[in-house]
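> Compute the structure for the input listed below.
(4 chains, ligands or ions: 2)
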Amino acid sequence: MATTRLAIDAHEIRRQFPFFQPHPEMRSVIYLDNAATTQKPYAVIEAVSHFWAYQNANVHRGGHGAGAKASALYEAARECVAKFLNAREPAEIVFTRGTTEAINLVASSWGETFVRAGDEIIVTEMEHHANLLPWMRLAEKQGATLRVWRITDDGRLDLDALRALLTERTRLVAVVHISNVLGTVNPVAEICRIAHEAGARCLVDAAQSIAHMPVDVQAIDCDFLAFSGHKAYGPTGIGVLYAKRALLEEMPPYQVGGGMVRIVSWERRQWAEPPAKFEAGTPPIGEAVGLHAALDFIDSLGREAIAAYEHELTEYALRRLQEVPGLRLHGPVPDRAGIFAFTLEDIHPHDIATVLDTRDVAIRSGLHCAHPLGERLGGATARASLAVYNDTSHIDALVEALHTTRKVFGYA
Amino acid sequence: MATTRLAIDAHEIRRQFPFFQPHPEMRSVIYLDNAATTQKPYAVIEAVSHFWAYQNANVHRGGHGAGAKASALYEAARECVAKFLNAREPAEIVFTRGTTEAINLVASSWGETFVRAGDEIIVTEMEHHANLLPWMRLAEKQGATLRVWRITDDGRLDLDALRALLTERTRLVAVVHISNVLGTVNPVAEICRIAHEAGARCLVDAAQSIAHMPVDVQAIDCDFLAFSGHKAYGPTGIGVLYAKRALLEEMPPYQVGGGMVRIVSWERRQWAEPPAKFEAGTPPIGEAVGLHAALDFIDSLGREAIAAYEHELTEYALRRLQEVPGLRLHGPVPDRAGIFAFTLEDIHPHDIATVLDTRDVAIRSGLHCAHPLGERLGGATARASLAVYNDTSHIDALVEALHTTRKVFGYA
Amino acid sequence: MLNELYQEIILDHYRHPRSWGELEPPKITQEGFNPSCGDEVILDLRLDDGRIEDIRFHGRGCSISQASASMLAESVKGKTLEEARALIQQVLALVKGEIEGDPETLGDIVALAGVRNFPVRVKCATLAWHTLEEALKHADSYTDWGVK
Amino acid sequence: MLNELYQEIILDHYRHPRSWGELEPPKITQEGFNPSCGDEVILDLRLDDGRIEDIRFHGRGCSISQASASMLAESVKGKTLEEARALIQQVLALVKGEIEGDPETLGDIVALAGVRNFPVRVKCATLAWHTLEEALKHADSYTDWGVK
Ligand SMILES: Cc1ncc(COP(=O)(O)O)c(C=O)c1O
Ligand SMILES: Cc1ncc(COP(=O)(O)O)c(C=O)c1O
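Ligands and ions are numbered 1, 2, ... in the order given. This is a model prediction of the structure:
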């Protein structure tokens, strides 16, 4: 694979990550669990440390210069996210703890206001629990109906199936951008267009796409989009809900407390404008600074370049994995993202992961928080997932370790 | 003031904080806005950086050694909090984003399950919005009644007034441990006892007490207690809900998503056990590591010693503030915590804060997210608040700057 | 620097606000609010024949926001909408340090230039002016001055 | 190290579990679940006269958890409650590395000692044993073995 043709040099990029530097206390790991969380570059760690050390203060309602500076940093992070997503304005960006909270916020605030008994919500069969359980619960609470958009046998979504599911009662289509199990890249812009034609809103779970390809909310024309900082080279404790301004205006607050209210008396309350209306209490300030640095890191490489690089690496991985006897890969081939869920002979995925771990290859095993999909696929899988710092040598090590696993379990 | 008598040496403690070290880019600040957020010691910043650099992985559902280690660190933080609060077991500790989310969780999960039309909730007149708005909203939603426990003119709570408010319909008493405006230290153990006698639950907002005095949930016998990491020398993005195990068992989940569910199929769901049941999605892992280091920092000084030191400092501040002509201090004297909300002549608090800021004394001004209390006190106030790294020289600088403020505004 | 911010004339407007209060209907009422510090300015306007026939304000907040509102009320009364809009732009530019203020045309208002060294306080000084700007935006759409 | 973990005997129990399945009622059913990896073991027991008269298991999970359950079922069948409880303690101690296992008395079970070097997998090995421990805790409170 001619990585030189591409702007991305994974070896050079790894130098920007302490996790990949030799360290006396740590064994060096081939990290292929990026769908769970990514490692953090020095730039992110240092931005956060610098904030705690020298810039720390609470935001909102000033009083002193340090507070004003911290508020400015926090709002600069919001502007950075708005630009990163091509939102129309920073007010469309609400900071949350992560993807899960962002979707819970929508299900609770928007859902309980606009979804009524007899209405319908469409979720796909490949959703992560984060984009499934909130809708299941909302449907139960409101007496609405959950419609499941089944996947095809090769792990894709069929747009005609969506058209057949949509009715005039459909309020929302909830769809993952890239499946965290199958690696399927869903045509979210088309899905939004079809949903809108039927008068439904569309929410896109971008947890797995945000760090791996360009994500433009105006091009997709989604109503809501969610992602987590920690899967995009940023810290935990922060995520983003993007929502169209008009929706945020008509949604009631989610959590209530300080900072999201203009006036409170025993008789009346007046909420703040969005996005403040949805950010009760002290927000994740240091984490927002870290997310800002993480998105700058991604932009320093270029999302087109990242996508192209990871695409080539994915093609390589598909070729190499298919060489392993008894390996059964889920999800579409060849057109897919760098997330590979598989089984190997009758070896339980936890055992695969354990053997790989002894070879310092870090993957994940289980149902990957997508149980209904897991059932459809026949149970637990082992999952390797790529990020921009991985290269072909990591795939080689993975394949090598899979051969070892076969041997340990007595396969020739 | 004979600081030598005490184990606390604030000057020595400040050496543990980068914020108080000379720095080429920063002016050194006399930081008296600790009720908003505290500064962070090196130990916390380094624990967090070390985690991001070398220990980072997602928790839950292992697969590799790094994930197991990160999970162990996350659960060790929970154990640390449990010990710190003297909870019966780590399962009584739920990690949240902060105090605000913790109370929203209780109001939503416990409140919507156990508070019915006609029931009553008692909140005090000195509550922060975080312990007020969730109950206002719950009362509206459920058709319950909010009863306001008024403060006395010297800013205290009268227990007989509580007894008079309690009825057999009272489900909850929500009370702040230390008022973030008045500095009042409320007798929460007695309040819980009285509430329990009437068959009500009691929630304690410990945001302002957690870093300043011993807080023992078994001694207080509260049903719920909440605090934020960032006000206890830890990072933003993390806070704690303590709740008695039996309550957590009978409460439904708050947010739903990955990690808080055992089984999900299209037909059925089975929630995980507490505390996992209340921690949907990727939790604030790095932040938990930071909170662990922060509580270790507090314990390294000793909470009794901190309380004794801050008590002496508070006495000194009360004496010195009373020397400033035209200064009107709110809250009880002398028996109170180191939070001083005041007005000065007819000078607007924002102007006081601005003048102080030019003298590098950082305080806060406004209504401090406690609007109903603010109304009672006659509007905005300036607020100075102490932490363990402050000393008498800081109080002197504050008083000096207040004299300057008088002069700028034409007072002799 | 402090003395520039808190000039005598500012404190005088703060302590003795001009045109304080509310107008009787019919009127236009426009509320201004600074969420970052809680300052509030409410303007009551009566327009007639393309002019600001009368104006009052009330509100609460720091000396800068209230003095600025007082100066505004004093200076725009009697002006045409066009003149008022031009003045708003001039004051905003002054406060942000984009132009130097001419005491001849601006009068007391030049004192607001003192906020330039206090970035956090710029919003206090501009609050009333942005509020008026907002009120005048809708001026053409009012048929009856008493009802919005 | 790996070869110690995945000994032939473990793989054999994994692939050919002994006593797999469910009992007909009356029986005691106890479910065991490892939330950190999702492993599941369900034990069906019939007690009689202070003895484990019959036992079956089913579940899903890794080779360690399933092999361990299979070994458990094979070894405790016919034992008195007291003997079973003693065996549980012995196995837990073995797996945690507190004692060395005696192949004479433990048989295949000694193979479980291989998890010692894999802290994350210890819970897989102990799952079935903790599940049995839990089931026997309630043993005295059952009057009718078919109903809990
Ligand atoms: C008494 C009190 N309760 C609750 C809060 C809210 O804490 P947080 O903003 O960290 O959620 C604060 C802090 O502002 C407080 O002082
Ligand atoms: C597709 C998808 N959605 C949502 C989530 C949940 O993200 P978080 O745990 O950061 O809230 C994940 C990550 O596990 C994911 O892969």
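> so where's chain C uncertain?
Applying pLDDT under 70 to chain C flags residues C:140-148.
> mind listing what's buried in stretch A:334-345?
Neighbour-count burial for stretch A:334-345 flags A:336-344 (criterion: 16 or more other C-beta atoms under 10 Å in any protein chain shown). For glycine as for every other residue, the C-beta is placed from the backbone atoms N, C-alpha and C.
> distance between the ends of it?
By C-alpha to C-alpha, to the nearest Å, the extent of stretch A:334-345 from end to end equals 22 Å.
> what does stretch A:403-412 give?
With C-alpha to C-alpha, one end of stretch A:403-412 sits 9 Å from the other.
> Could you pull out the helices in chain C for me?
All helices of chain C, identified by DSSP state H, fall at C:2-5, C:8-15, C:63-76, C:81-95, C:103-106, C:119-137.
> Max pairwise distance over the buried residues of stretch A:334-345: which two?
A:Ala337 and A:Leu344 (21.0 Å; C-beta to C-beta).
> which element is A:Tyr242 on?
Remark: A:Tyr242 resides in strand A:239-243, with elements defined by DSSP states H and E.
> and that strand, average pLDDT?
When pLDDT is averaged over strand A:239-243, the result is 98.
> How about residues contacting the helix or strand bottoming out on mean pLDDT in chain A?
Lowest on mean pLDDT, DSSP states H and E among the helices and strands of chain A sits strand A:261-264, with a mean of 91. The set of residues external to strand A:261-264 that reach it, using C-beta atoms under 8 Å, 6 or more residues apart in numbering or on different chains, is A:269-272, B:129, B:132-133, B:371-372, C:33, C:35.
> what's the spacing between C:Arg46 and ligand 2?
Note on C:Arg46: its distance to ligand 2, by C-beta to the nearest ligand atom, to the nearest Å, is 54 Å.
> phi, psi of the residue nearest the centre of chain A?
In chain A, the C-alpha nearest the mean C-alpha coordinate belongs to A:Ala207, at 0.9 Å (C-alpha atoms, centre = their mean). Its backbone dihedrals place A:Ala207 at phi -50, psi -40, with angles given as degrees, to the nearest 10.
> Is it in contact with A:Asn180, as I believe?
Yes - if you go by C-beta atoms under 8 Å, A:Ala207 and A:Asn180 touch, sitting 7.0 Å apart.
> Wondering if the helix or strand hosting A:Trp135 reaches chain B at all.
A:Trp135 is part of helix A:133-142 when elements are defined by DSSP H and E. Yes - applying C-beta under 8 Å from any C-beta of the partner chain, one finds helix A:133-142 touching chain B at A:133-134, A:136-137.
> Please tell me how far the residue of the stretch 251-400 of chain A found nearest chain C sits from C:Gly59.
Per C-beta to the nearest C-beta, A:Ala272 is where the stretch 251-400 of chain A lies closest to chain C, at 5.9 Å. In this view, A:Ala272 and C:Gly59 are 18 Å apart by C-beta to C-beta, to the nearest Å.
> circling back: helices or strands up against the helix holding A:Trp135?
Packing contacts for helix A:133-142, counted by 3 or more C-beta pairs under 8 Å, 6 or more residues apart in numbering or on different chains; DSSP states H and E, involve helix A:112-114, strand A:120-124, strand A:145-149.
> outside of the shortest one, which residues touch it?
Same thing as helix A:112-114. A:138, A:141-142, A:171, A:250-252.
> Next: stretch A:163-170.
Under C-beta under 8 Å, 6+ apart, the answer for stretch A:163-170 is A:118-122, A:145, A:147, A:149, A:173, A:194-195, A:198-200.
> Go again with 7 Å.
A:118-120, A:122, A:147, A:149, A:194, A:198-200 (C-beta atoms under 7 Å, 6 or more residues apart in numbering or on different chains).
> Quick check: residues of the stretch 251-400 of chain A near ligand 2?
A:Cys369 (C-beta under 6 Å from any ligand atom).
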